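Participant: Sequence and computational prediction follow.
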Protein chains: 2
Amino acid sequence: MAKELKDLTKRSDNYSQWYNELVIKADLAEQSAVRGCMVIKPYGYAIWEKMQHELDRMFKETGHQNAYFPLLIPKSFLSREADHVEGFAKECAVVTHYRLKNSPDGNGVVVDPAARLEEELIIRPTSETIIWNTYRNWIHSYRDLPILINQWANVFRWEMRTRMFLRTAEFLWQEGHTAHATEQEAWDEARRMLDVYADFAENYMAVPVIKGVKSANERFAGALETFTIEAMMQDGKALQSGTSHFLGQNFAKAFDVTYVNKDNTPGYVWATSWGVSTRLMGALIMTHSDDNGLVLPPHLAPIQVVIVPIYKNDGQHDVISATVEPIVKELRTLGISVKYDDSDNKRPGFKFADYEVKGIPVRLAIGARDIENGTVEVMRRDTLEKHTAPLSNIATHIKNLLEEIQANIFKKALDRRTEMTRTVESYDEFKVEIEKGGFILAHWDGTPETEEKIKEDTKATIRCIPLEGDTTPGVCMVTGKPSARRVVFARNY
Amino acid sequence: MAKELKDLTKRSDNYSQWYNELVIKADLAEQSAVRGCMVIKPYGYAIWEKMQHELDRMFKETGHQNAYFPLLIPKSFLSREADHVEGFAKECAVVTHYRLKNSPDGNGVVVDPAARLEEELIIRPTSETIIWNTYRNWIHSYRDLPILINQWANVFRWEMRTRMFLRTAEFLWQEGHTAHATEQEAWDEARRMLDVYADFAENYMAVPVIKGVKSANERFAGALETFTIEAMMQDGKALQSGTSHFLGQNFAKAFDVTYVNKDNTPGYVWATSWGVSTRLMGALIMTHSDDNGLVLPPHLAPIQVVIVPIYKNDGQHDVISATVEPIVKELRTLGISVKYDDSDNKRPGFKFADYEVKGIPVRLAIGARDIENGTVEVMRRDTLEKHTAPLSNIATHIKNLLEEIQANIFKKALDRRTEMTRTVESYDEFKVEIEKGGFILAHWDGTPETEEKIKEDTKATIRCIPLEGDTTPGVCMVTGKPSARRVVFARNY
């Protein structure tokens, strides 16, 4: 099995296959019996829980509360907002009946035709409609605003081509849905949550992101503006990692949500929504991992340190365990999660391979000779480098090392992105460069038609119009028309 | 609005209406646009989050890990286990199509008949089938066992008569699903989780429970034995608050899950499942609350202490705020959640009523004269008693008071249960006593037929055969046949 673990396709041979194998070998997830739906295994779920925990804290610190709205949405709700229905009706799971009955032929159960619903129900692909239908009764006056609510939930979109974590029919996510008295306040909220997402991506996931605005083609169905954070994977493809939408008054109008302001004048309520999903797991895996398996940022690793004893007999085992015990305690006091793996049904070599493929940031190996020398062997997963460290003061050493690893993998990803981001002047140059992968900064005339043509020609889309960076105007590489600034093109997941 | 808050139906007038109104007035939940599905509002969800947090910790401390399995289950899976399909097929939501399209008449969207699924999918009513179908690939040898997995999820059962939290079509829950090499180990696991549930109910919810086993009539569909904790509500009705099932090898056989043991002999795997749901919110509300609103146990209250300043001008406000600030800090250091409500758009009287109806365990009111005297007015929600306490040492005083409240509401519920539990000898006596509500301890011959007759005659069911208490044998009150011990009868939610 240790050999089997190592038997991972190389990224340079087939990046896509490497990813699929890694998800399985690191025990993160697997396909289920239901097409397009995955099973998130305990180790994968533990990483997702760490993500949830940090995000939930950040949402609460910015004044949001959690709530829960129904899984099923009446079909008619979907058609209330014209763009929304176009975006979501084509890929939804439809509940038509509420009962099964024994099959007349005696084999299993069949749908009971007498139990047909008057109005079909849709499994939520996103919850704007049911939530805004609810908000109508919550909002009467400016005193009822803002409403700052988040929901942790499962959603369902009938995707044709699925990949574990990156695109699955059912996925887990959070969706924030806020209501505001003024346009400015809603705009600021959408913008604030983009910053929260970027902060999380960079400081917890160690994934550098570009903050920007989506072009009209890539905007959320029903939004006036979609903010996005875009990450670059190791193969140079972009991965949209979180979006925050300024919805204007579209959903308030569709669901008739009005309020009376301080001057006693009525008006429609302003809205935002924002979400990140288990897709972040895909971003995490694809940004840092290598040909030996998963590499996890210490800030999100369920186990940050594993200690493996190397012993030949019970006596040595006892001595090592006695030495390790206070170290484990001290690490835990420092808030570091540590596992002492002295299970005797696996050889150390197997354990090393297993923890390597699972991406545990730091591994300590300690044998009888280490005890004599007062040292321990330390391996850091990001570089696979080993060094010997004194046992005295080991906890502080590890604490610092974890922060160093966190910073190092972020820098590595940032350097890669910098290296794989190029500026092009002509469309011919663009067509050559886009084949090499990475982000291309180019001028664009701002029209959906030009973006569509570029997509047809090259499979590249505008990932975002960045909020920061070079804002020099120019001319569109395709049409020669004026361009306000360079935008980010890439092929994407 | 303060008046409106107070305008709650009295328990003695109409207990059922009191409950329904309280759920709304305390801002816990409301009906949604989807029949039988509720919206859990932020305050209700915050209590559920506290419950989840403690339960999740207890599950992890007993060696369990979280994972996530698909929402949708292939219809055929349900029929694999004969009892299971009987129990769940009649009330499930069936997904038959995967796409909507624009209506030919131009009005909204309709189900696309071309997008019919080959095999219908069921929204999980519980996940034994999909999970055991997954476990088949995870389990080969005794080395792969035990599997100790829990899932936090939403489930769906098409209930005809719903009540918020107590019985809703969609509800939130956790479901543990464990796999074991031996019968004894599975049995011990089912038993252990019952103890975890009882510990949680009594020490966090402050709800006394009777631990027992279900009669065959009330057993989970597919289980060989169902353990339960049963609580008594204030109206004397029972509420099943958590169940833990010993499933034997039923699901292993249905999904062909075998393993090879140490002696290299193959066998079917042993199983348990166990769950508690948002129904616990109903138990919590109905056990402690009074005619003034919600009463929350301090161990689960999202806000344990609220401080309301009483001032006539900004100067007084400043002085009070300066006095309160270090107290808030000290309380938080002690792990107590506290809210200082100096919002100026509501009068103190309104705030008092609002926090009373929301069940905040301790309320402090502090005015200019209190500052002069170095005191504060303390009100405890459980007894509504007020007392004056010195500001010096107030944090410790409150910490002790919170524990006193926790113990007091548990004792109150326990005393009520003791008072409303009676022993009867004859069926005539039973019929009289059951009308008065409460738990009736009576002898029963152990047959489903007798239990069925009692249910038809009196609407009472056997809540459980207790694991503890009087085990003296006797004769069945209905048939005169031998009875191993008295069992608990009650009408129930």
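Facilitator: That came through fine.
Participant: Confirm residue A:148 sits in a helix?
Facilitator: No: counting by DSSP: H, G, I helix; E, B strand; the rest coil, residue A:148 is not part of a helix but strand.
Participant: residues in contact with residue A:450?
Facilitator: Going by Cβ atoms under 8 Å, 6 or more residues apart in numbering or on different chains, residue A:450 touches A:444, A:476, A:478, A:479. C-beta: built from backbone N, CA, C; applies to glycine.
Participant: The third one and residue A:217, how far apart?
Facilitator: Think residue A:478. Residue A:478 is 14 Å from residue A:217, where distance means Cβ to Cβ, to the nearest Å.
Participant: out of these two, which sits in the busier spot?
Facilitator: Set side by side, residue A:478 and residue A:217 show more neighbours around residue A:478, with 21 against 13, by other Cβ atoms under 10 Å in any protein chain shown.
Participant: Assign a three-state SS to that one, would you?
Facilitator: Here residue A:478 is recorded as coil under three-state DSSP.
Participant: was I right about it contacting residue A:455?
Facilitator: No: in this structure, residue A:478 is not within contact of residue A:455 by Cβ atoms under 8 Å, at 11.4 Å.
Participant: What count of nearby residues applies to residue A:462?
Facilitator: If you count neighbours by other Cβ under 10 Å, residue A:462 ends up with 25.
Participant: Over to residue A:335?
Facilitator: Neighbours around residue A:335, by other Cβ under 10 Å: 8.
Participant: Excluding chain neighbours, what is closest to residue A:312?
Facilitator: Sequence neighbours aside, residue A:368 is the residue nearest to residue A:312 in space, at 7.4 Å (criterion: Cβ to Cβ, 6 or more residues apart in numbering or on different chains).
Participant: I should have written residue A:357 there, sorry.
Facilitator: Closest to residue A:357 by Cβ to Cβ, 6+ apart is residue A:293, at 3.3 Å.
Participant: Quick one: neighbours of the one you found, just the number.
Facilitator: Neighbours around residue A:293, by other Cβ under 10 Å: 24.
Participant: now swap in residue A:355 and tell me
Facilitator: Residue A:355: 24 neighbours (other Cβ under 10 Å).
Participant: Check residue A:475 too.
Facilitator: 14.
Participant: Contacts only, for residue A:127.
Facilitator: With Cβ under 8 Å, 6+ apart, residue A:127 has these contacts: A:69, A:73, A:151, A:153, A:155, A:175, A:177.
Participant: rerun at 7 Å
Facilitator: A:69, A:151, A:175, A:177 (Cβ atoms under 7 Å, 6 or more residues apart in numbering or on different chains).
Participant: Can you verify residue A:259 is assigned to a helix?
Facilitator: No: counting by three-state DSSP, residue A:259 is not part of a helix but strand.
Participant: How about the contacts made by it?
Facilitator: With Cβ under 7 Å, 6+ apart, residue A:259 has these contacts: A:139, A:140, A:141, A:142, A:144, A:145, A:181, A:267, A:269.
Participant: Which of the residues you listed ranks first by neighbour count?
Facilitator: residue A:269 (27 neighbours).
Participant: Contacts for the host helix or strand of residue A:190 next, please.
Facilitator: Per DSSP states H and E: residue A:190 is located in helix A:183-203. The contact list for helix A:183-203 (Cβ under 7 Å, 6+ apart) reads A:54-55, A:58, A:62, A:146, A:176, A:178, A:180, A:207-209, A:211, A:227, A:229, A:231, A:241-242, A:244-246, A:270-272, A:274, A:276, A:410.
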